[in-house]
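In: Sharing a model prediction with you, sequence too.
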Amino acid sequence: MLDARKSFRADDPMRALGIRQRPAALDDAQRQEMAVRLLAGELPEAVLAALVKAGAPLAAVRDELAAIEAHPYFRAASQLRARLAKRDWLLEARAKLERLQPAAVQRRHGLSAEDFFRDHYTTLTPVVLTGLTDHWPGRQWSLERLARLGDPEIEVQWGREADPEFELNSIAHKKRMRWREVLALLAEDRETNDFYVTANNGGLNRKALGMLWADVGELPGYLGPGRLGDGFFWMGPKGTVTPWHHDLTQNLLVNMVGTKRVALASPAETHRMQNHRHCFSRFGADATLSAVPEAERARVLTVDIGPGDILFIPVGWWHHVTGLSLTVGMSFTNFVWDNDFAGFYMSEGEL
């Protein structure tokens, strides 16, 4: 009678020769997933259960967990994780204090440049400015008035509705069209996010639409004089969406025609915004963050801006924009004060 401890299957030649086999190896993607989970704070037992449930061999996962936690690279990564956790704590402290304030964006009429600089530019506090563009000819823009520009070739964002990642893939959505063809589409007054003239089309459109810049006035004390080419032109139908993202500069969003709804989330909420690539959030077009349980959701401020309103969007503030009607407007970054924050942005291409 055979000793059960020495029994082996006839089809297992390695065991028949007394050679102990190593557990089936994991691939690099699985190893990376394990390291990411551990660095995110998951317990080793939870990581093991998740990998095994996904089909990874139990013994291999156990061995890999031990190897990961003993590796000096992982220990170094853990130190960096602790530093990031400290920064997240600071952000959370700021977010906690911000939540004690009213969940609203101030509106200030005829605000002087000095007061704006002190109360908003240097404190990263959004504000709606009113009464500063009443004299601009652009406030009288209409489709009929815009048709007087002629029929230059311009660039638009096109075919967006079929692509959930239309903003991330903005280069692929560039299309050249005749000006009057775009105006005709807008005249149909359909609610759609399929086409939109945005800042992403600024390169060609600054020249093609140059005559419109004569209808844009100045903001003395706010923006540098005589630099109209620094503005970006926006025009689209009701239903256009700019998904959640943050900018690397301070911005003035000047609304000329129609109404936009802007959702905002403070930089202090960044650890809740699921920033997965560059300046974008996984939440995309979900303006209210409805997919997130309320207790875990970033605080969102919502404000509507109508004709003549200017919204100051500070650097790092997450924002989502929806066209509630046909809208035409401009955005500017050429402040008279230092607006270089991209110069020390270190995550380009890494996130």
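Out: Looks like it came in fine.
In: Grab the longest helix from this protein for me.
Out: Longest helix in the chain, counting residues (DSSP state H): helix 72-98.
In: ok, which stretches of the stretch 151-300 of the chain are strands?
Out: Secondary structure of the stretch 151-300 of the chain by DSSP state E, counting those that start in this stretch: the strands cover 153-158, 174-178, 195-196, 232-236, 241-245, 251-257, 260-265, 275-277, 280-281.
In: Pick out the shakiest of the ones you listed, pLDDT-wise.
Out: Lowest mean pLDDT within these: strand 275-277, at a mean of 92.
In: follow-up on the earlier one: could you check the angle strand 260-265 makes with the longest helix of the chain?
Out: Between the axes of helix 72-98 and strand 260-265, defined by axes from the mean of the first three to the mean of the last three CA atoms, to 10 degrees, the angle is 120 degrees.
In: Next SSE downstream of helix 72-98?
Out: strand 106-109 (DSSP states H and E).
In: Which elements pack onto that next one?
Out: Counting contacts by 3 or more CB pairs under 8 Å, 6 or more residues apart in numbering; DSSP states H and E, strand 106-109 packs against strand 127-130. The way it works is simple: take the backbone N, C-alpha and C, and place the C-beta from them, glycine included.
In: partners of the strand it packs on in the sheet?
Out: strand 106-109 (parallel), strand 310-313 (antiparallel) (DSSP bridges).
In: any idea of the mean pLDDT in the last one?
Out: Okay, so that is strand 310-313. 98.
In: do the same with stretch 36-46
Out: Rounded mean pLDDT across stretch 36-46 is 93.
In: Give the buried residues for it.
Out: Buried residues in stretch 36-46, counted by 16 or more other CB atoms under 10 Å: R37, L38, P44.
In: want to throw those residues into JSON lines with distance to A208?
Out: Shown next, in JSON lines, are the buried residues of stretch 36-46 (distance: CB to CB, whole Å):
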{"residue": "R37", "distance to A208": "50"}
{"residue": "L38", "distance to A208": "53"}
{"residue": "P44", "distance to A208": "59"}
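In: Can you tell me which of the residues you listed end up in helices?
Out: Judged by DSSP H, the buried residues of stretch 36-46 include R37, L38, P44 as members of helices.
In: so who does H109 touch?
Out: H109 makes contact with L129, T130, G131, according to CB atoms under 8 Å, 6 or more residues apart in numbering.
In: try it again with 6 Å
Out: Contact analysis of H109 by CB atoms under 6 Å, 6 or more residues apart in numbering lists T130, G131.
In: bridging residues for it?
Out: Taking DSSP bridges as the rule, H109 bridges to T130.
In: what's the nearest residue to R297 once chain neighbours are set aside sitting at in phi/psi?
Out: Using CB to CB, 6 or more residues apart in numbering and skipping residues adjacent in sequence, the residue nearest R297 is L289, 5.0 Å away. Here is the backbone geometry of L289 (degrees, to the nearest 10): phi 60, psi 40.
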